[in-house]
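[1] Prediction below, plus the sequence it came from.
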Amino acid sequence: MGKAKTEEWLTTAQVAQMLGCGQKNVQRLIRSGFVIGQKVVDRWLVARSSVEEYIAHPPKPGPKPKEG
């Protein structure tokens with residue numbers, strides 16, 4: 001039987017360093033749903049896998065296309 005992969009969680013400071021941006025920008029990415037984060041006590045933790053996915057497939061700049 002294989003081992004279950006456990007998620008690694010990073011601080012917003014670690015993610016900011018990975019992305020080359022500020023911690024406030026990381027918090028915006030969490031609120032916008034681009035990366036997965038959860039607040040634990042008084043700090044945000046971000047799922048490493050979601051950051052890696054964001055780096056591999058960043059959103060395209062510009063307005064969102066209209067649905068319909």
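    Done, it's in.
[2] show me where pLDDT drops low in the protein?
    1-5, 64-65, 67-68 (pLDDT under 70).
[3] residue boundaries of the strands in it?
    Remark: strands assigned in the chain by DSSP state E are 9-11, 37-40, 43-47.
[4] right, so those: which one is the most enclosed?
    Burial of the strands of the chain is given as mean neighbour count (mean count of other Cβ atoms under 10 Å); strand 43-47 ranks first at a mean of 18. Bear in mind the C-beta positions are built from the backbone N, C-alpha and C, glycine included.
[5] I'd like the distance from that one to the chain centre, please.
    Its chain's C-alpha centre and that of strand 43-47 lie 8 Å apart, by Cα atoms, centre = their mean, to the nearest Å.
[6] Quick check: chain neighbours aside, which residue is closest to residue 23?
    Of all residues not flanking residue 23 in the chain, residue 12 sits nearest, at 4.4 Å (Cβ to Cβ, 6 or more residues apart in numbering).
[7] my guess is the one you found contacts residue 21, does it?
    No. When contacts are counted by Cβ atoms under 8 Å, residue 12 is not listed as touching residue 21 (10.1 Å).
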